[in-house]
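J.: whatever this is, show me its structure:
(one chain, ligands or ions: 1)
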Amino acid sequence: MSEETAASAAQVSPAGPLRLAEPPGPARDLAAMRLALAEAVLAGEAGDVPIGAVVIAADGTVLGRGHNIREAAADPTGHAEIVALRAAAATTGAWRLTGATLVVTLEPCTMCAGALVLARVARLVYGAIDEKAGAVGSLWDVVRDRRLNHRPEVISGTAAQDCAALLDAFFATRRPPRTPR
Ligand SMILES: [Zn+2]
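T.: As a prediction, this is how the structure comes out:
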């Protein structure tokens, strides 16, 4: 991610939390994804798979941020979404994140898809598709299962190339090159 893509119209007021200035919709989703990408970079720098997430309130306030800490915390549940959802719940003092949007760089797994439904987030925005383990359209579609009584709106593909490029770059340094046939 370049310096300029990391910038957004985010504003920090001295008296309050970070609040995105963009109106609800694609512009705000993209600004939030830039924050999630910045979180993903932190994960990668710490040796974890670079995945980041943020939770945004309906008014644009950033309620929580998180990145993958599975290795750093030796925690199998230390996915970016879980960390961000917990941070948001701590900020609001409530487990029910009514009206909130979860923005994450990679399609959530089954655990995280379940968690965001349990948190009652209104919207899910994700970047890259996870064809191997995705639970929001790829292998399963947990959040839009009609048997559940809460089904968040889903927007996919936001800054997908940037999100995927981070992952590709991370794994390129870790996997031995494939032997040519
Ligand atoms: Zn997950």
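
J.: from here on, just use CA atoms for contacts and neighbour counts.
T.: Fine.

J.: so which residue is smack in the middle of the chain?
T.: When C-alpha atoms, centre = their mean is applied to the chain, the residue found nearest the centroid is Val104 (1.5 Å).

J.: isn't it right up against Gly127?
T.: Yes: judged on C-alpha atoms under 8 Å, Val104 makes contact with Gly127 at a distance of 6.5 Å.

J.: common neighbours of these two, please.
T.: Common contact partners of Val104 and Gly127 (C-alpha atoms under 8 Å, 6 or more residues apart in numbering): Met33.

J.: so what's the nearest residue to Ile129 once chain neighbours are set aside scoring on pLDDT?
T.: Nearest residue to Ile129, sequence neighbours excluded (C-alpha to C-alpha, 6 or more residues apart in numbering): Glu107, at 5.2 Å. Glu107 carries a pLDDT score of 98 in this model.

J.: now do the contacts for Glu107.
T.: Going by C-alpha under 8 Å, 6+ apart, Glu107 touches Tyr126, Gly127, Ala128, Ile129, Asp130, Gly134, Ala135, Val136, Ser156.

J.: one more: Arg86?
T.: Counted by C-alpha under 8 Å, 6+ apart, Arg86 has contacts Gly64.

J.: that one is in what secondary structure piece?
T.: helix 80-92 (DSSP states H and E).

J.: just the buried residues of that helix, please?
T.: Across helix 80-92, burial judged by 16 or more other C-alpha atoms under 10 Å covers Ala80, Glu81, Ile82, Val83, Ala84, Leu85, Arg86, Ala87, Ala88, Ala89.

J.: one more: stretch 109-127?
T.: Residues of stretch 109-127 classed as buried by neighbour count (16+ other C-alpha under 10 Å): 109-110, 112-113, 115-117, 119-127.

J.: near the ion, which of those show up?
T.: The residues of these that also fall near the ion, by C-alpha under 5 Å from the ion, are Cys109, Cys112.

J.: just the ones of the buried residues of stretch 109-127 in strands?
T.: Arg123, Leu124, Val125, Tyr126, Gly127 (DSSP state E).

J.: wait, which of the residues you listed is closest to Val143?
T.: Distances from Val143 to these, taken as C-alpha to C-alpha, are shortest for Leu124 (9.0 Å).

J.: Ala40 versus the closest one, what's the distance?
T.: From Leu124 across to Ala40, the span is 17 Å (C-alpha to C-alpha, to the nearest Å).

J.: try Val121
T.: According to C-alpha to C-alpha, Val121 and Ala40 sit 21 Å apart.

J.: cool, and Arg96?
T.: Counting by C-alpha to C-alpha, the gap from Arg96 to Ala40 is 25 Å.

J.: again, but for Ala113
T.: Relative to Ala40, Ala113 is positioned 18 Å away (C-alpha to C-alpha).

J.: now swap in Ala57 and tell me
T.: Counting by C-alpha to C-alpha, the separation of Ala57 from Ala40 is 20 Å.
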